[in-house]
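Asker: what would the 3D arrangement of this be:
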Amino acid sequence: MFKIPKEEFAARVEKLKELMKEKEMQACLIYGDEYRKENLRYMSNYWPLFERGAVMVPLTGEPFVIAAPEGEMFCREMSAWSDIRLLPEFACVTVPDKIEYPQAHYTSLTEIYKGLQGNEPLRRLGIVGIDAMPEPLMKIIEESFNGVKIVDAGDLLFKLRMTKTANEVACLQEAARIADAGYKLMIQQVKPGMTELELASLAYGECTKQGAENIPFCLLTSGERVNTIIGRASGKVIEDGDMIMAAIAVQVEGYVATMNFPFVAGEMSKEQKEFIDILVAAEDAALSRIKAGANQNEVVRAVKAYFKDRNVTEFDLYPPLHGCGLAEAESPYPDENSEAIFVAGMTVNTDVSLFGHPHGSNRIEESLLVTEAGYESMSKLVRQLSKTWKETATISVH
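Answerer: Residues are numbered from 1 along each chain as shown. Predicted coordinates for the structure are as follows:
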């Protein structure tokens, strides 16, 4: 069973409190919802369904979670913290109407403010997730905490989430294993005549059966639709010789691993093979630059230099690496000028891609753990596909 233990959430809170002291914050509110869940999940394990949520971390005392009435029991089931409080402002994110919940026992932001006035007066309140919070809610918080300086504390969580613990890595590795299983089934069973949706359903079903908590996306396009870059599966019928671009992201205990490797339905053309050759070699160039202590820009420069040598720069649309963890794509997202350094324990995805090329559009995406010596791939399938491709120029999962 893959799970982040309660002790680890407690340790995260203590680390956050140390950072709060440095910033002279007496409390920190970490906001999230179904769609921007990462920081809230990191500090509380709560992931709302169509409602808002937050965890308040006071400098002294235990954290408490703020939820909405319909999700209260679900919150109590998930939360690492037992103190759950309800706010009417946190109800359904898609409904502007005031929804009546006659059995709800609400608190208010004013009551929360008064309760935080303990031994040390509340002078500075940090908020994580300002970029995800609706303006009307932010205005209510400012009014309720009148006289308190409210500051953006997003950088505090950024620091805490940058490197992963053994439990976090284990969740990512399990997510990668499940993604591999779903992807393998698509490669095995793809055939001309089926629709993109039929092919995607194989991955959805297999990943769910294997234990995926959630499948944030399964991008799947074929033929000329690969040029959509991030297109959803459609009712388009896959034809003989269609290149398939499929990127599947699988979530386990909040942690998301993603994989993508090009494959073709039916017979593969010489031009498609040449295109895949470029992507495989470019990913190798990226992988050779990943290790603790190396500058992240070296990965970007190596891939761009290879693409320039192959005269495909015009089809290179975005950097070939980004972080992964509680979001499919998170910091770091280095470019050629980044000064950030790889640190052991960081988790990243290669995302080596070309789009709009005459012979196809696709990407190779693979989740990795940065180590002192280099990296460890979390996807056995991507490693197998890459090795087999270089040896035989075929896509084989056997």
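Asker: residues near V382, how many?
Answerer: By other C-beta atoms under 10 Å, 24 other residues sit near V382. Any C-beta I mention is one placed from the backbone N, CA and C, and that applies to glycine too.
Asker: just checking, it touches V352?
Answerer: No - counting by C-beta atoms under 8 Å, V382 does not reach V352; the two are 11.1 Å apart.
Asker: give me the common contacts of the two.
Answerer: I364 (C-beta atoms under 8 Å, 6 or more residues apart in numbering).
Asker: from A11, how far out is N167?
Answerer: From N167 across to A11, the span is 11 Å (C-beta to C-beta, to the nearest Å).
Asker: which of these two has more neighbours?
Answerer: With neighbours defined as other C-beta under 10 Å, N167 and A11 compare such that N167 has more, 15 against 12.
Asker: for that one, helix, strand, or coil?
Answerer: The three-state label given to N167 by DSSP: H, G, I helix; E, B strand; the rest coil is helix.
Asker: show me what contacts it?
Answerer: 2-5, 8.
Asker: buried set for whichever helix or strand I244 is part of?
Answerer: Following DSSP states H and E, one finds I244 within strand 243-252. Residues of strand 243-252 classed as buried: 243-252 (neighbour count, 16 or more other C-beta atoms under 10 Å).
Asker: quick one: the residue lying closest to L197 once chain neighbours are set aside from Y31, how far?
Answerer: Closest residue to L197 apart from its sequence neighbours, by C-beta to C-beta, 6 or more residues apart in numbering: A233 at 4.8 Å. Relative to Y31, A233 is positioned 32 Å away (C-beta to C-beta).
Asker: so between these two, which is more surrounded?
Answerer: Y31 (24 against 21).
Asker: what secondary structure does the more buried one sit in?
Answerer: Quick answer, by three-state DSSP: Y31 is strand.
Asker: that one bridge partners, please.
Answerer: Beta bridges link Y31 to A54 when assigned by DSSP bridges.
Asker: with I244 instead?
Answerer: S222, F263.
Asker: circling back to that earlier point, thought the residue nearest to L197 was touching A203?
Answerer: No - applying C-beta under 8 Å as the test, A233 and A203 come out as separate, 9.5 Å apart.
Asker: okay, and the common contacts of these two?
Answerer: Shared contacts of A233 and A203, defined by C-beta under 8 Å, 6+ apart, comprise 218, 220.
Asker: a helix runs through E376, doesn't it?
Answerer: No - E376: not assigned to a helix; according to three-state DSSP it is strand.
Asker: touching, it and R383? I think so.
Answerer: No - E376 lies out of contact with R383 (C-beta under 8 Å); the separation is 10.2 Å.
Asker: returning to that earlier point: distance to A104 and pLDDT added to the buried residues of strand 243-252, as CSV?
Answerer: Formatted as CSV, those follow (distance: C-beta to C-beta, whole Å; pLDDT from 0 to 100):
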residue, distance to A104, pLDDT
M243, 52, 98
I244, 48, 98
M245, 46, 98
A246, 43, 98
A247, 40, 97
I248, 38, 98
A249, 35, 98
V250, 35, 98
Q251, 29, 98
V252, 32, 98
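Asker: so which residues of this structure form helices?
Answerer: Assigned by DSSP state H, the helices in the chain fall at 6-22, 38-44, 72-78, 109-116, 135-144, 154-161, 166-189, 196-210, 270-287, 297-309, 380-392.
Asker: how is the protein partitioned into domains?
Answerer: 6-161, 166-392 (the TED database).
Asker: return the most buried member of those domains.
Answerer: When the domains of the chain are scored by mean count of other C-beta atoms under 10 Å, the highest mean neighbour count falls to domain 166-392 (a mean of 19).
Asker: distance between stretch 181-199 and the chain's centre?
Answerer: Chain-centre distance of stretch 181-199: 24 Å, with C-alpha atoms, centre = their mean, to the nearest Å.
Asker: may I have the distance across it, first residue to last?
Answerer: By C-alpha to C-alpha, to the nearest Å, the extent of stretch 181-199 from end to end equals 14 Å.
Asker: next: stretch 338-346.
Answerer: So stretch 338-346: terminal residues 16 Å apart, C-alpha to C-alpha.
Asker: so S79 sits right up against F64, yeah?
Answerer: No - here S79 lies out of contact with F64, judged by C-beta under 8 Å, at a distance of 9.4 Å.
Asker: what's the distance between the nearest residue to A305 once chain neighbours are set aside and F307?
Answerer: Spatially, and ignoring its direct neighbours in sequence, A305 is nearest to A285 (7.7 Å; C-beta to C-beta, 6+ apart). Distance of A285 to F307, given as C-beta to C-beta: 9 Å.
Asker: got it, and L122?
Answerer: Applying C-beta to C-beta to L122 and F307 gives a distance of 53 Å.
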